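Participant: Please find the sequence and the predicted model below.
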Amino acid sequence: MKYTFLLLLAALPLPAKDSCLECHSQLEGDFQAPALAFRKSVHLQHGFTCADCHGGDPNADDPQAAMSKAHGFIGVPPRTAIPKLCARCHSDPNIMRKYNPSERVDQYAEYQTSVHGQRLAKGDTAVAACTDCHGVHDIRAVRDPLSPVYPLNLPATCAHCHANAAHMAPYKIPTDQYANYLKSVHWAELSKRGDLSAPTCATCHGNHGAKPPAVASVAAVCGTCHVFEEQLFDKSPHAPVFSAMSTGACVVCHSNHAILKTSDQMLGGQNAVCRQCHETDSAGGQTAARMAGLIQDLQNRIVAANDLLEKARSSGMEVSEAILRQTDARQSLVKARANVHAFAVAEVNTPIQQGLAIATEDYRAGQAAMKERNVRRAGLAVSLVAILVTMAGLWLIIRRLHRSRA
Amino acid sequence: MHPIEPRDRGKAVAAWFQDRLAWDSVREFIAHKTVPVHSGTIWYAFGGITLFLFVIQVITGILLLVYYRPTPAEAYESVQFIMTRVAFGWLIRSIHSWSANLMILSAFVHMFSVAFLHAYRKPRELVWLSGVVLLALALAFGFSGYLLPWNTISFFATKVGTDMVTFVPWIGTTLGRYVRGGDAVGGATLTRFFGFHVAVLPALTSLFLLFHLGLIQKFGISTPPWVKKRARADAAKPAEMPFFPDFFLHELMVWYGTLGLLGVLAAVFPWELGDKANAFASAPAGIRPEWYFLAPFYTLKLIPGHVLGIEGETAGLLGFGLLAVWWAALPFWGARPDGTVRSKLVTGAAVAFLAYLSTFSLLGYLR
């Protein structure tokens, strides 16, 4: 019985031998670096060895035998061969499902449709291959915060090439995308609020099949998140016009990489984006001004109701119902702002009127609460006078009693 | 036949009652009842203020009962209804909450004034003991009533409070389950606390209050030893004033003042309702109990995880239990002849206890 444990231990599978890792770990400098990096990789965690990519015999202790071509050793694979090399496993559902049954296996197919993949196929080795984004030996899972393709790190990873003017010069494409993206509301959501679902480069351009979105499909790309705005825009008078002008719909007003937080000033005021195309007294200019006016009106009413309700609340009045109802008024404001994408006053006016009705009712609730507070205080004053008069009367009686005894 | 004068008819009715109730003796008793007059007479008012506030509690509590519903689904809404829809409901609820707090404050002042005026000495040991029980009942009223509006703060404060109960040595787990009506604060806790608040505690309080007041009637209001001593030195009787009408009118004046203060607090600082309790929400930051539980609450926070091999909370509760017993037993260890070192030590101990309660309450509030 006492040998059972030893027998069970002996029956356990031994870890696969990896003579490459053993030897290179003991070397120095550039020979050692890949071995050290590989120790951090997701591949090593799942039992892969150096030989799975580089070939050779990981069971041989003799370096000559381990790195012999007879055993399939390929050394450093050429850049043009890297995607296909990775695809040997990553495009094979039978291999990938062992590690993650829902893992996608179409990355290589997508890559071949990308600008990167197409140029690489033509022999341009300056474009990105798998290892340029995912790392070489220290490849980590995408969900690992240290991975270069983790959402928070991805923009900097793309910028590694795309913000490099020398690298981009042959392609004649700008290099300010990263700097602009860092100003955007998308980066603010990602980096400040920690919302990992906020858009990064890959969200709009695709990841493995990276390509700039076609002008005609910009609205659809933005619409993957901004669904209502896209639907409204598609029905708006701008949709056919922008299409005829071959301009990327959303980009005209919101820019592409430097997508700033929207404000009502985009619609009305001196720096309104509408002024880029519409004169102030034109029909379009007047529509924009009316929509801006409606939104501003509701905004002002909500703020006024909020201020009054807060004043009543801090005076101890029970106005929680009205405060809760203010959420509906704010929802109407959000809806009205989204409806601007229909570029029609009627579409904006409907939620505005709903919001105004709520905000007005809440303002009245605040007024009633403040009136009630004043009534209470007046009642208190009258009661206090009555109490003080009674106390004074009692004091006089007590004094008369004391005097009569004295 | 001459018509009967109204005055004669009144006398006849009074005589009818006199024959059956012999209330002359009561009138005689009140006429001869006196109260000592000295620099500390003002402190006697706090017993009366506490009683007055208790009466306010009973009246406003009964009025709140008309609309209050003790279930998690309806408790918050019913209090909200009282505050927004019922005529003067806001006033009734605010006065109930403020008078509860003022009553406990007044009871503490009354207790320490009795301690410092040495009114707990023979033959008034049972007056002191029943007073301590009444204060404990008032704290239980506060703890049980705090949960009834079923708002976020009260829910989590009750959770913390009932969690502490589970640290009572030996019976903690069972006691905790009994108090909560289960393993966690929920609907069963609310109905249980409601039952305690409107039935069990009022019944017990009424009994002890009658006992307390009966003993005060029996022994009268005490004269502090130093007043007696000074009078003996002057070969005179200690100064006194008639209970009725002099002291009674003083009391009435103080009660009117208290009523005015209650009105100001209720109208200018109405008791807030807060947000409805949500058992699935996380506890709000800086959650703390009512002010009268802050001293033990803050002390427990300072006690290390383990003390002499027992859990810190258990050690703390044992300490509070011993402190309460020590304080309740004041008439038995504190009745020392005046002027002696022991007597001064007793006064010093009472000052230290008061200083501990005030300082730790303040620290608990500020941190």
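Facilitator: Good, I have the coordinates.
Participant: low-scoring stretches of the stretch 1-150 of chain B, by residue?
Facilitator: Residue ranges of the stretch 1-150 of chain B with pLDDT under 70: B:1-4, B:6.
Participant: hey, where'd the strands end up in it?
Facilitator: Here the stretch 1-150 of chain B has its strands, by DSSP state E, counting those that start in this stretch, at B:34-36.
Participant: What residues does it have near chain A?
Facilitator: Residues of the stretch 1-150 of chain B lying near chain A by CB under 8 Å from any CB of the partner chain: B:Q80, B:M83, B:T84, B:W90, B:L91, B:S94. (Each C-beta comes from the backbone N, C-alpha and C, glycine too.)
Participant: Quick check: the farthest pair among those?
Facilitator: Using CB to CB, the residues of the stretch 1-150 of chain B next to chain A span at most 15.2 Å, a distance reached by B:Q80 and B:L91.
Participant: So which of the two has more stuff around it?
Facilitator: Neighbour comparison, B:Q80 and B:L91: the larger count goes to B:L91, with 21 against 18 (by other CB atoms under 10 Å in any protein chain shown).
Participant: Find the nearest non-adjacent residue to the more buried one, please.
Facilitator: Among residues not flanking B:L91 along the chain, B:A266 sits closest, at 5.7 Å (CB to CB, 6 or more residues apart in numbering or on different chains).
Participant: Next: A:D138.
Facilitator: A:A37 (3.9 Å).
Participant: which SS class is the one you found?
Facilitator: Taking DSSP: H, G, I helix; E, B strand; the rest coil as the rule, one finds A:A37 in the helix state.
Participant: so, in contact with chain B or not, the helix or strand hosting A:I323?
Facilitator: A:I323 is located in helix A:320-339, with elements delineated by DSSP states H and E. Yes. Applying CB under 8 Å from any CB, one finds helix A:320-339 touching chain B at A:S320, A:E321.
Participant: And that helix, what's buried?
Facilitator: Residues of helix A:320-339 classed as buried by neighbour count (16 or more other CB atoms under 10 Å in any protein chain shown): A:320, A:322-323, A:325-326, A:328-330, A:332-333, A:335-339.
Participant: what's the distance between A:V241 and A:A220?
Facilitator: Distance of A:V241 to A:A220, given as CB to CB, to the nearest Å: 17 Å.
Participant: Next: A:H167.
Facilitator: 30 Å.
Participant: again, but for B:P289
Facilitator: 57 Å.
Participant: The two: which has the busier surroundings?
Facilitator: The residue with more neighbours, out of B:P289 and A:A220, is B:P289; 22 against 14, by other CB under 10 Å.
Participant: re the thing from before, what count of nearby residues applies to the residue nearest to A:D138?
Facilitator: As a burial measure, A:A37 scores 15 neighbours (other CB under 10 Å).
Participant: And B:I30, by the same measure?
Facilitator: Using other CB under 10 Å, the number of residues around B:I30 comes to 13.
Participant: Run through the residues that contact it.
Facilitator: Neighbouring residues of B:I30 by CB atoms under 8 Å, 6 or more residues apart in numbering or on different chains: B:F243, B:F244.
Participant: separation between it and chain A?
Facilitator: Remark: distance between B:I30 and chain A (CB to the nearest CB, to the nearest Å) = 15 Å.
Participant: Same question for B:F297.
Facilitator: Taken as CB to the nearest CB, the span from B:F297 to chain A is 26 Å.
Participant: For the helix or strand where that residue lies, C-alpha coordinates in PDB please.
Facilitator: Assigned by DSSP H and E, B:F297 belongs to helix B:294-302. Extracted C-alpha coordinates of helix B:294-302, given in PDB (Å, rounded to 0.1, in the frame of the first residue of the first chain):
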ATOM      1  CA  LEU B 294     -20.400  55.300  18.400                       C
ATOM      2  CA  ALA B 295     -18.200  54.900  21.500                       C
ATOM      3  CA  PRO B 296     -18.300  51.000  21.500                       C
ATOM      4  CA  PHE B 297     -18.200  51.000  17.700                       C
ATOM      5  CA  TYR B 298     -15.000  53.000  17.600                       C
ATOM      6  CA  THR B 299     -13.500  51.100  20.500                       C
ATOM      7  CA  LEU B 300     -14.000  47.800  18.600                       C
ATOM      8  CA  LYS B 301     -12.300  49.300  15.600                       C
ATOM      9  CA  LEU B 302      -9.200  49.900  17.700                       C
END
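Participant: ok, so what distance separates the closest residue in space to A:M96 that isn't next to it in sequence from A:C133?
Facilitator: Nearest non-adjacent residue to A:M96, counting by CB to CB, 6+ apart: A:E103, 4.5 Å away. In this view, A:E103 and A:C133 are 17 Å apart by CB to CB.
Participant: Contact partners for residue 127?
Facilitator: All of this refers to chain A. A:V115, A:H116, A:R119, A:L120.
Participant: You answered for a different chain; I wanted chain B.
Facilitator: By CB under 8 Å, 6+ apart, the contact list for B:V127 reads B:A119, B:Y120, B:H212, B:L215, B:I216, B:F219.
Participant: how about 6 Å then?
Facilitator: B:V127 is in contact with B:L215, counting by CB atoms under 6 Å, 6 or more residues apart in numbering or on different chains.
Participant: Also B:T223?
Facilitator: Going by CB under 6 Å, 6+ apart, B:T223 touches B:P36, B:P238.
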